[in-house]
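**Q** next input, structure requested:
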Amino acid sequence: MNISIYPIPRLLTTSPYLDLLYDPFVAWPELRIMRQPFAQSLRAGLLQRDNRVLHWHFFDELTQRPSQSATALRSMSFIALLRLLRLRGAKQVWTAHNLEPHELRHPAWAKRSYQAMVQVAGQIIVHSQAAAQLIDQRYQVGSKTTVIAHGAYIGFYGPQLAQTAARELLQLKQNGFLAVSLGTLRPYKGVELLIEAWAAELGQLEVVGAVKDPLYVQQLQQLATNPVITIRPDFIADALLPAWFAAADVVVLPYRKTLTSGMLLAALSYARPLVAPDLPPVRELIREGENGFLFEPNNVASLRAALQRAAAHPNRQALQQNALQTVQALDWTQLAAQTADVYRRLFEKNP
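**A** This next block holds a predicted model:
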């Protein structure tokens with residue numbers, strides 16, 4: 001059976017996730033991955049009559065706006081579009097990367113959009129058992145969910161570097177404990193909590209990431225008065241990611257909430273332990289004192305204590321080895337095969 005699959009969006013500018021997921025599909029020529037512009041994917045979904053799947057990965061940018069009236073109009077249009085696609089015979093899959101938009105400006109409209117997605121989706125993919133439970137608790141998805149892990153990024157950005165070479169490349173101090181927080185600077189990531197939690201005696205903290213909200217970055221810069229904290233509001237080129245991972249003793253994710261984190265997988269892939277929030281999806285990967293350190297979300301004291309445990313750990317080499325071992329089995333070819341089976345099941349249920 002030939003099936004055309006239209007990923008939405010067709011690419012992610014800050015993540016290789018879609019590339020790594022869909023590249024293995026060359027092994028299954030009957031499953032055609034059509035990475036087209038949004039309008040063309042919608043046209044195919046509405047007008048074509050072949051076996052076709054619209055696979056929604058992210059859609060918040062289509063609906064969420066600062067204005068409530070604009071968000072309402074966009075959300076109603078989006079919900080109508082989802083239902084029309086179903087009426088036209090297009091199958092739909094949703095990979096639930098998040099429980100709700102990261103910038104949750106208008107919760108009621110966000111909930112309506114997510115509930116509409118749950119209703120039209122023939123299958124919902126999540127990256128962990130914990131995520132499956134959370135999605136079901138929030139949106140009552142029933143038996144639609146399939147757990148397919150998020151793949152690893154081992155070697156994807158380049159080879160691992162020695163810590164001394166990495167710190168020299170990035171012009172960082174060679175000695176002392178170094179924690180880094182990497183990724184686009186956004187409020188849900190809780191960097192202001194990390195700045196408040198950081199104690200000078202721990203060592204150096206580097207916060208590096210592209211700017212999404214300039215006002216938020218200004219807030220961070222005003223908070224970071226301690227000279228051992230550096231805020232670098234810069235986009236991190238892929239080629240420099242191995243250096244930042246290698247330079248760090250620990251990667252900190254001070255997130256207020258998360259369902260799936262590509263940065264968490266990337267840090268583990270480059271053998272770096274994490275300080276991460278003690279949330280159910282995180283606990284499936286991070287083991288306290290073995291490959292990372294957990295803290296109570298939104299709790300500055302708990303985050304400071306986790307950082308202190310990380311800095312005082314007597315065997316950083318073991319932490320690094322355990323971190324890498326955590327993700328070594330997360331092979332993209334196997335995960336793509338599981339995703340291919342999801343597409344096939346859509347048509348087996350409703351031939």
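**Q** where does the stretch 201-350 of the chain have low pLDDT?
**A** Residue ranges of the stretch 201-350 of the chain with pLDDT under 70: 349-350.
**Q** ok, which stretches of it are helices?
**A** Secondary structure of the stretch 201-350 of the chain by DSSP state H, counting those that start in this stretch: the helices cover 214-223, 241-247, 262-269, 280-283, 300-312, 316-327, 332-349.
**Q** columns distance to residue 162 and mean neighbour count on top of those, output as JSON lines?
**A** Where you see a C-beta, it was placed from the backbone N, CA and C, and this is true even at glycine. JSON lines is the format used below for the helices of the stretch 201-350 of the chain (distance: least, C-beta to C-beta, whole Å; neighbours: other C-beta atoms under 10 Å):
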{"stretch": "helix 214-223", "distance to residue 162": "30", "mean neighbour count": "14"}
{"stretch": "helix 241-247", "distance to residue 162": "7", "mean neighbour count": "23"}
{"stretch": "helix 262-269", "distance to residue 162": "17", "mean neighbour count": "24"}
{"stretch": "helix 280-283", "distance to residue 162": "28", "mean neighbour count": "19"}
{"stretch": "helix 300-312", "distance to residue 162": "20", "mean neighbour count": "18"}
{"stretch": "helix 316-327", "distance to residue 162": "12", "mean neighbour count": "18"}
{"stretch": "helix 332-349", "distance to residue 162": "27", "mean neighbour count": "16"}
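**Q** closest one to residue 142 among these?
**A** helix 332-349 (13.6 Å; C-beta to C-beta).
**Q** list of residues touching that closest one?
**A** Outside helix 332-349, the residues that touch it by C-beta atoms under 8 Å, 6 or more residues apart in numbering are 1, 3, 5, 20-25, 27-28, 31, 51, 53, 55, 91, 93, 122-123, 125, 146, 148-152.
**Q** returning to that earlier point: who wins for proximity to residue 254 among the helices of the stretch 201-350 of the chain?
**A** helix 300-312 (6.2 Å).
**Q** and that closest one, how far out from the chain middle?
**A** Between the centre of helix 300-312 and the centre of its chain there are 24 Å (C-alpha atoms, centre = their mean, to the nearest Å).
**Q** now stretch 298-306
**A** Remark: stretch 298-306 is offset 22 Å from the chain centroid, using C-alpha atoms, centre = their mean.
**Q** what residues go with each domain of the protein?
**A** Domain segmentation of the chain under automatic domain parsing yields 3-150+331-349, 163-327.
**Q** out of the ones you listed, deepest packed?
**A** Among the domains of the chain, domain 163-327 has the highest mean neighbour count (mean count of other C-beta atoms under 10 Å), at a mean of 19.
**Q** start to end distance for that one?
**A** With C-alpha to C-alpha, to the nearest Å as the measure, domain 163-327 spans 21 Å from end to end.
**Q** distance to residue 156 added to the domains of the chain, as TSV?
**A** TSV is the format used below for the domains of the chain (distance: least, C-beta to C-beta, whole Å):
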stretch	distance to residue 156
domain 3-150+331-349	6
domain 163-327	7
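**Q** in strands, which of the contacts of helix 332-349 appear?
**A** Among the contacts of helix 332-349, the ones falling in strands (DSSP state E) are 3, 5, 31, 53, 55, 91, 93, 123, 125, 146.
**Q** which single one of these is nearest to residue 248?
**A** residue 125 (30.8 Å).
**Q** excluding chain neighbours, give the residue nearest to that closest one in space.
**A** Distances taken as C-beta to C-beta, 6 or more residues apart in numbering put residue 95 closest to residue 125, at 4.3 Å, once the chain neighbours are dropped.
**Q** close enough to count as contact, the one you found and residue 54?
**A** No. Taking contacts as C-beta atoms under 8 Å, residue 95 lies outside contact range of residue 54: 11.8 Å.
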